[in-house]
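1. 3D, please:
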Amino acid sequence: MTTSTPALRLLLAAALLCVALPAAHAAPDPCAPSVTLAKDQALTMAVDMTGARAWLEGRLERPLVLPASALGGAADADRLAANTLVNGVALGRGLLRDDQATLRAEAGAGPVVLAVQDRRFTALVDNGVARDADGRPLPASPNLEGLSDIEIGAGAVLERKPNGQVAVQPGAVLTWRDPQGTQPLKFFLERPARFAEIVPAATAQVVRISPALVPHGGKLDLALETDRLGPNDAPPVFCLQVGSRKMPLTGRFSKQEGKALHFELRVEGDEMQRLLEDSDWLSRIRGVPASMRTIVNQGGRPVLDAEATLHLSSWKWSTAVGLGAVLALLVICMVCMRAGPARAVAELIEHESGRLSLSNLQFLLWTVAAFFALVFTWLSTDTLLSLTPVLGLLGIAGTSSVLARGVERGAPDPTPVPASERLSWRTLLVGSDGRVELLRFQMLAFTLFAWCYSLYSIIKSNGFPQLPDSLYWLMGISNATYVSAKVPDMMAANRQAAENPAPATPPADALPADQVRRLQNKLGVAQTGVLDEATRTAVAHYKQQNDFYPADGKVLPVLLKHLGV
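-> Have a look, this model is predicted:
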C-alpha cells in the first residue's frame, strides 16, 4: 500500500491536469468579441468575405463505389496518378473517418469567414489549417445532403468492380472545393467551438482618445459617439493592443456630452511596462504605436467594434528629462551668480536683511514644481498643462510673501544678520532673537509635504493634480498664521524704536571737506566743501552721461575713483 501511494497520487495529478488544461485552453479572450456555437451547428463559408481559398479535406473510412465513367481514363489504373475531380456524387454518413474533415486554406492569405444566417465569424488560418478562437482545428463534418463535387487525391487505391464500377479504397483523401472559389462550402460542427464574431460595418462608430500620447499608469479619456450604448448600460470592453500583445483595460463612465459618452481609463499593466522598458530610446521619445479597441456586447452579440490609435510614452523618460530641465535652470543661475548650487538657491530666496526668506522659498518651490510639470506633461502626453491647480498654490505663496514684506515695511529697519550667518540655511527657522520659531517650522513642514505630494501626483497623473480643498486650507492657514505672527513683532519693534530712538548718523556718502572741494572742482560747481543740493544734482547729471547706475545724487566710491578724487 505504501509503494502504491505515490503512483496513485501521480495518476490523480495527471487526471486533474487533463481536466484543467482544456478549461484553461478555452478561456475566452476579453479583447475579441466571440460566441460559442453548439455541436451540429450548420456553417457556410462566406465566399465574398474570405480572403483565402478554402477546402474541406477528409479520409475514407469505407470503400467509395463510383461509376468507372466518373473517373474517366484513371479508372483503368490501380492507383490514381493525380488528383481527380468527380462531379455530382452523393455521399452518406459513415464514409469518412469519424465523419469528420479538416477545413484547410491557403496559408498567409487571411482568415476564413464563416456564416450562420446574418452573422459572420472568423476562423484563423495557421499552417494551412483553419482554427477556432481557442486555436484548435475546426471539428468539421461535411454537409453530405444532395449531390456535390469532390476531388480524390493522388495515390488513392482503386479496385475494379463488375457492372462498370470502381471502388476507391479506405485511406484515400477526399477534398470538397470549388476551383473557381465562387461556391460556398457547407459543413456541421462536430463539437462546440468558439469564434470571433464580426460586427457589421454599418455599426462602426467614432472614437476619440485624449491625450494621444499617454505614459504607463496615466489616465486616458475615451469619447465614444454611438446610438447603441447609453450611460446606464454595461460599459464597453476596452483592449489596448501593442504589436501582437493585447491588454484588457477597465473603463469607468465619467460624463456625457451630446452624443458622446466619455470613459476614463488608466493605462497600466506589467506587460505594457515590460514592453516600454524593452523599447529603444528613440521609441521612448516618439512614443510606441498602439491601438485601443472598444467592443460593446448586447444580448450575447457584439454590436460595436471600433478602434482608435494612440502612442505610449515612458514616464521614466519624461521624469528624467523634466529633472534635467530643472537642473539646467539651476546651472544657469549658478553661472549668472558665479556660485555653487546651494549658494545660488540661497541668493534667490534671500531677504534684504541677509536672512533666507521662508515665503520666498515657498514661492520658489511651487515655481519649480510648475516648471517640472510643464516639461513632464509635454513629453508624456504631447499637450500643455493646465496650470489652474498650481495657480492657487502660487497665489497663496505669493500673497503671503507680499503681506510679509508689507508688515516688515511698517517696522523699523531690521537689524542685519552677522556676516557669518548671511545666507545661512539656519535662518529659515530662527527669528531675529536667534531662537527657533515654531510657526516657521510648521510652515516649512506643511510646504514640503504639499510639494512632495504634488510632485508624486504629477508623475502619477500626467500633470498637476486637482488638489483636495483640505490641502489648500492647510497651506492657507499655515501661511496666514505665519504672516499674522509678524504683526506683534512689528508693533513691539516700533514701540522699542519710539522709546529708544537711534542717534542721528551722517549720510552714508559723507566725505571730508577737502575731498568734497576736489569733487566740486571736477564737476564744475561752487567749492563749498559741503555735499549741497547743487553738488548732488551735478553728480546725478554726471552719472547719467557716463552710464553710472543708479543715476542718483549719491556719491559712490567707484565714482570718486573714476574722477580721480
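2. which residues does L356 bridge with?
-> E350 (DSSP bridges).
3. Relative to L185, how far out is it?
-> Computed as Cβ to Cβ, to the nearest Å, the L356 to L185 distance reads 84 Å. Quick note: C-beta positions are derived from backbone N, CA and C, even for glycine.
4. Output the contacting helices and strands for the longest strand along the chain.
-> If you go by DSSP state E, the chain has its longest strand at strand 301-313. Counting contacts by 3 or more Cβ pairs under 8 Å, 6 or more residues apart in numbering; DSSP states H and E, strand 301-313 packs against strand 193-198, strand 206-210, strand 213-215, strand 218-225, helix 270-278, strand 288-298, helix 358-381.
5. In terms of mean pLDDT, which of these ranks lowest?
-> Between those, the one with the least mean pLDDT is helix 270-278; it has a mean of 72.
6. Pull out the buried positions in that helix.
-> Residues of helix 270-278 classed as buried: M272, L275, L276 (neighbour count, 16 or more other Cβ atoms under 10 Å).
7. now swap in stretch 161-173 and tell me
-> Buried-residue list, stretch 161-173, by 16+ other Cβ under 10 Å: V166, V168, A172, V173.
8. Nearest to R59 among these?
-> V173 (5.9 Å; Cβ to Cβ).
9. could you check the distance from the closest one over to A450?
-> Taken as Cβ to Cβ, the span from V173 to A450 is 77 Å.
10. right, and S313 touches A290 too?
-> No: using Cβ atoms under 8 Å, S313 is not in contact with A290, being 10.6 Å away.
11. More neighbours: these two, which one.
-> More neighbours surround S313 than the other of S313 and A290, with 27 against 20 (other Cβ atoms under 10 Å).
12. Quick check: the more buried one vs E145, distance?
-> If you go by Cβ to Cβ, the gap between S313 and E145 works out to 58 Å.
13. Also W55?
-> From W55 to E145 the distance is 18 Å (Cβ to Cβ).
14. Those two - which one has more neighbours?
-> Ranked by neighbour count (other Cβ under 10 Å), W55 and E145 place W55 first, with 19 against 11.
15. contacting residues around the closest residue to the more buried one other than its chain neighbours?
-> Counting by Cβ to Cβ, 6 or more residues apart in numbering, W55 lies nearest to R177, which is 3.5 Å off, once chain neighbours are set aside. R177 makes contact with R53, A54, W55, L56, E151, L185 under the criterion Cβ atoms under 8 Å, 6 or more residues apart in numbering.
16. OK, contacts around Q298?
-> R228, D233.
17. hmm, try it at 10 Å
-> Neighbouring residues of Q298 by Cβ atoms under 10 Å, 6 or more residues apart in numbering: R228, L229, D233, A234, L304.
18. most neighbours, which of those?
-> L304 leads the contacts of Q298 on contacts (other Cβ under 10 Å) with 22 neighbours.
19. Flag the shaky bits of the stretch 251-400 of the chain, pLDDT-wise.
-> For the stretch 251-400 of the chain, the stretches flagged by pLDDT under 70 are 271, 284, 300, 352-353, 385-400.
20. packing partners for the helix or strand following the longest strand of the chain?
-> Beyond strand 301-313 on the C-terminal side, the first helix or strand identified by DSSP states H and E is helix 315-337. Here helix 315-337 touches strand 213-215, helix 270-278, helix 281-286, helix 341-348, helix 358-381, helix 438-461, going by 3 or more Cβ pairs under 10 Å, 6 or more residues apart in numbering; DSSP states H and E.
21. just the CA coordinates of stretch 557-565, formatted as PDB?
-> Provided in PDB are the C-alpha atoms of stretch 557-565 (Å, rounded to 0.1, in the frame of the first residue of the first chain):
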ATOM      1  CA  PRO A 557      33.400 105.100  -4.100                       C
ATOM      2  CA  VAL A 558      33.600 103.900  -7.800                       C
ATOM      3  CA  LEU A 559      32.600 107.400  -8.900                       C
ATOM      4  CA  LEU A 560      35.300 109.000  -6.900                       C
ATOM      5  CA  LYS A 561      37.900 106.600  -8.300                       C
ATOM      6  CA  HIS A 562      36.700 107.300 -11.800                       C
ATOM      7  CA  LEU A 563      37.100 111.100 -11.200                       C
ATOM      8  CA  GLY A 564      40.400 110.600  -9.500                       C
ATOM      9  CA  VAL A 565      39.300 112.400  -6.400                       C
END
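22. buried ones in that stretch?
-> For stretch 557-565, burial by neighbour count (16+ other Cβ under 10 Å) applies to L559, L560, L563, V565.
23. Quick one: mark the members of those residues that sit in helices.
-> Among those, DSSP state H puts L559, L560, L563 in helices.
24. Redo those as CSV? Include distance to L329 and pLDDT.
-> Output for these, formatted as CSV (distance: Cβ to Cβ, whole Å; pLDDT from 0 to 100):
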residue, distance to L329, pLDDT
L559, 36, 79
L560, 39, 81
L563, 41, 81
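25. what's the closest of these to A513?
-> L560 (14.5 Å).
26. Could you break the chain into its assigned domains?
-> Domain ranges of the chain: 27-198, 201-313, 318-499, 513-563, per automatic domain parsing.
27. Tell me where the stretch 51-200 of the chain has strands.
-> Using DSSP state E, counting those that start in this stretch, the strands of the stretch 51-200 of the chain run over residues 54-59, 64-67, 84-89, 102-105, 112-116, 119-126, 129-131, 140-142, 148-152, 158-161, 165-168, 173-176, 186-189, 193-198.
28. Check the gap between the residue nearest to W55 and E268 for me.
-> Taking Cβ to Cβ, one finds R177 at 48 Å from E268.
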